[in-house]
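Novice: Structure, please.
(2 chains)
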Amino acid sequence: MTMTHSETKAARISGIRLGYRFNIVGMVGLSIILCWALVAIFAPLIIPYPVGEIADLDYFGPMSRDFWLGSDYLGRDMLSRILMGARYTVGISLAAVTIACFSGVVLGMIAAVAGGWLDTLLSRFLDALNSIPSKLFGLVVVAAVGSSIPVLILTLSIIYIPGAYRFARALAVNINAMDFITVARIRGESTLYLIRSEILPNIIGPVLADLGIRFVFIVLLLSGLSFLGLGVQPPYADWGALVRENIGGLPFGAPAVMFPSLAIASLTISVNLLIDNLPQKIRDRSE
Amino acid sequence: MNNRVLSLVLSRLLIAVITLVIVSFAVFFATTLLPGDTASILLGQAATPEAVEGLRKAMHLDEPAILRFLRWIVGLLQGDLGTSYANEMPVADLIGGRFVNTLQLAGVTALFSVPIALTLGITAAMLRGSLYDRIVTVLTIGVISVPEFMIATSAVLIFAVYLKWLPALSFANEVTSLTDLLRIYAMPVITLTFVISAQMIRMTRAAVIETLNTPYVEMALLKGASRPRMVFRHALPNALGPIVNAVALSLSYLLGGVIIVETIFNYPGIAKLMVDAVSTRDLPLIQSCAMIFCLGYLLLITTADIIAILSNPRLR
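Specialist: Residues are numbered from 1 along each chain as shown, chains lettered A, B, ... in the order given. Purely as a prediction, here's the structure:
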């Protein structure tokens, strides 16, 4: 293969040795994600107007030099609100996906290593959980306990634990059948050691790719819930809630309706691009 | 050999029933987790303790949760869905007409999206790697990775705001003529068709490509069969199972899509009813709607699995 050749060439040109080589599309995806991450962290420093301030005399104002992305239904600056919204959308989704993947992967590995009734019981239960449509689950929980940010994070992560569990278990079962695991078992290693030192290093690449895909699902579900008015509550607003707030501007074609959606799309599409173009080395490490 | 298929199908059905029990358990307990006492919330702040106590007795709230759960399940099985908290009407009456509306929406969407998606998915798989295939793939990934409400708002912007062909909102109870009917259904159906088709195209394409990669299809090509013959005579009959499986699975995405679409277009369906019930915390209504949705979803994915079992030639 010519891969090693082009790899050394790319490393020579760029002068950095990351160990991984991203192609152009993957790089574009990665840089958009990094951009949004930076925006989420530094939002209060870069917004042109305070988030709650009614800056424009006109509501649903068009794009102008003062208001780059127009103004919302009260005349607040859309750019500031979208930049601040990044904190909620990215932050909540990131927290949820971390909890979901961590618990799912740990449970999956335990089920694969332990096998037997524990495996059957966990799989059956999580499969049942998986057959509740995700939006519906969100609706029911919000109806029951109300909507606050911790509840949202927990709900979103519970919804996506079964998927992460299934994915990790399928990978771990394959690894579990290999000789070095048998050797480790004969050596008398504990389950904890097995999952931490023998299985996890061998599935970490695909698991990280899966985490990215699950992040996209969570962003979409969170936006959907917020759009229904059941996610992040006013006065705070994530991108989904921004669309909901300004839906009244739709008949006038106000920019306030489209830009939050575009922000979501830019984030989810670039995560998808990054995952699809991950270096083979990360994606297929288990093979 | 047929016994094996039968036992597989039966065990799948059994799993579906067990799942349904777990799901109903989850739905019931999620909705009874509500902090605060339902009776005192219903009666408001001015209620006397005696009135609250009376209502608690009448609603069986003083019984243990497991008893109430059994009472609820038995009621459901007998067709008694309970009484709405918000307007004192039987839940069954509230749901009845709206359920038909939602089914109509779903049916019309399926009618459009299945042929479109199958055509696009199969042709894209046949012409794999071509410009056409790449355009279809990029478009489907694009549609899948944006939220449903973005597709809905874009559809409104394009068809109602800029082109002015269709009304932005739909009310299914103001139908007077066929053109009215078309105009009302158009926007929700367009949106849902986009969402569902994208999923279906992706899955169909993957299923056909998997079949095309098998050695016997390569053999057909090697012995000189033309490309259409190779696809339609050799590959498709075997890909049929996975394709139908993909169709049933993607139709289950209708459930999520319907919730958003009914809300944004004010369509008087069951999903809108449920979203409204959530904002008024009308628990019996939420429970019933949730069970209907879970049942529909479970029905679709179980059908998909059973079709996959039945169509597997190795089990025949």
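Novice: Return the residues in contact with the residue nearest the centre of chain A.
Specialist: Nearest to the geometric centre of chain A sits residue A:215, at 1.9 Å (Cα atoms, centre = their mean). Applying Cβ atoms under 8 Å, 6 or more residues apart in numbering or on different chains to residue A:215 gives the contacts A:93, A:94, A:97, A:271. C-beta here means a position set from N, CA and C on the backbone, and glycine is covered the same way.
Novice: could you point out which element follows the host helix or strand of it?
Specialist: Assigned by DSSP states H and E, residue A:215 belongs to helix A:200-227. Note on helix A:200-227: by DSSP H and E, the next helix or strand toward the C-terminus is helix A:239-245.
Novice: So which other helices or strands are in contact with the helix or strand just after that following helix?
Specialist: Counting by DSSP H and E, the element after helix A:239-245 in chain order, helix or strand, is helix A:255-276. For helix A:255-276, the elements it packs on are helix A:24-46, helix A:78-114, helix A:200-227, helix A:239-245, helix B:131-144, helix B:148-155, judged by 3 or more Cβ pairs under 8 Å, 6 or more residues apart in numbering or on different chains; DSSP states H and E.
Novice: Could you pull out the buried residues of the fifth one?
Specialist: Using 16 or more other Cβ atoms under 10 Å in any protein chain shown as the burial criterion, the residues of helix B:131-144 that qualify are B:133, B:136, B:140, B:141, B:143, B:144.
Novice: same question, the second one
Specialist: Neighbour-count burial for helix A:78-114, with 16+ other Cβ under 10 Å as criterion, is recorded at A:78-90, A:92-97, A:99-101, A:103-113.
Novice: Stretch B:257-269 too?
Specialist: B:257, B:258, B:259, B:260, B:261, B:262, B:263, B:264, B:265, B:267, B:268, B:269.
Novice: Now the residue lying closest to the last one once chain neighbours are set aside: which helix or strand?
Specialist: Think residue B:269. Leaving aside its chain neighbours, residue B:269 sits nearest to residue B:102 (3.6 Å; criterion: Cβ to Cβ, 6 or more residues apart in numbering or on different chains). Taking DSSP H and E as the definition, residue B:102 sits inside helix B:91-126.
Novice: Secondary structure class of the residue most central in space within chain B, three-state.
Specialist: Geometric centre of chain B, nearest residue: residue B:255, 2.6 Å, by Cα atoms, centre = their mean. Using DSSP: H, G, I helix; E, B strand; the rest coil, the structure places residue B:255 in helix.
Novice: Enumerate every residue touching it.
Specialist: A:133, A:135, A:136, B:293, B:296, B:297.
Novice: where are the low-confidence patches of the stretch 101-250 of chain B?
Specialist: Per-residue confidence for the stretch 101-250 of chain B (pLDDT under 70) gives these ranges: B:166-181.
Novice: residues from it in reach of chain A?
Specialist: Counting by Cβ under 8 Å from any Cβ of the partner chain, the residues of the stretch 101-250 of chain B close to chain A are B:141-142, B:145-150, B:153-154, B:156-157, B:160-162, B:168.
Novice: Going through those, which ones are buried?
Specialist: Those of these that meet the buried threshold are B:141, B:145-150, B:153-154, B:156-157, B:160, B:168, by 16+ other Cβ under 10 Å.
Novice: Dump the contacts of residue B:255 to CSV, plus pLDDT and secondary structure.
Specialist: Formatted as CSV, these follow (pLDDT from 0 to 100; DSSP: H, G, I helix; E, B strand; the rest coil):
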residue, pLDDT, secondary structure
A:133, 81, coil
A:135, 84, helix
A:136, 83, helix
B:293, 86, helix
B:296, 86, helix
B:297, 85, helix
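Novice: can you tell me which of these lies nearest to residue A:189?
Specialist: residue A:133 (40.9 Å; Cβ to Cβ).
Novice: what packs against the helix holding residue B:102?
Specialist: If contacts are counted by 3+ Cβ pairs under 8 Å, 6+ apart, helix B:91-126 sits against helix B:131-144, helix B:178-212, helix B:236-251, helix B:253-264, helix B:270-280, helix B:283-310.
Novice: Return the most buried member of the ones you listed.
Specialist: Stretch with highest mean neighbour count among the helices and strands packed on helix B:91-126: helix B:253-264 (a mean of 25; mean count of other Cβ atoms under 10 Å in any protein chain shown).
Novice: average pLDDT for that one?
Specialist: Helix B:253-264 shows a mean pLDDT of 84.
Novice: Same question for stretch B:2-15.
Specialist: Rounded mean pLDDT across stretch B:2-15 is 84.
Novice: Excluding chain neighbours, what is closest to residue B:85?
Specialist: residue B:282 (4.8 Å).
Novice: right, and the secondary structure at residue A:57 would be what?
Specialist: Secondary structure for residue A:57, judged by three-state DSSP, is coil.
Novice: residues near it, how many?
Specialist: Look at residue A:57: counted by other Cβ atoms under 10 Å in any protein chain shown, it has 8 neighbours.
Novice: I'd like the helices and strands packed on helix A:255-276 as JSON lines, with distance to residue A:192 appended.
Specialist: Formatted as JSON lines, these follow (distance: least, Cβ to Cβ, whole Å):
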{"stretch": "helix A:24-46", "distance to residue A:192": "33"}
{"stretch": "helix A:78-114", "distance to residue A:192": "9"}
{"stretch": "helix A:200-227", "distance to residue A:192": "11"}
{"stretch": "helix A:239-245", "distance to residue A:192": "40"}
{"stretch": "helix B:131-144", "distance to residue A:192": "38"}
{"stretch": "helix B:148-155", "distance to residue A:192": "42"}
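Novice: For residue B:85, find the nearest of these.
Specialist: helix A:200-227 (22.5 Å).
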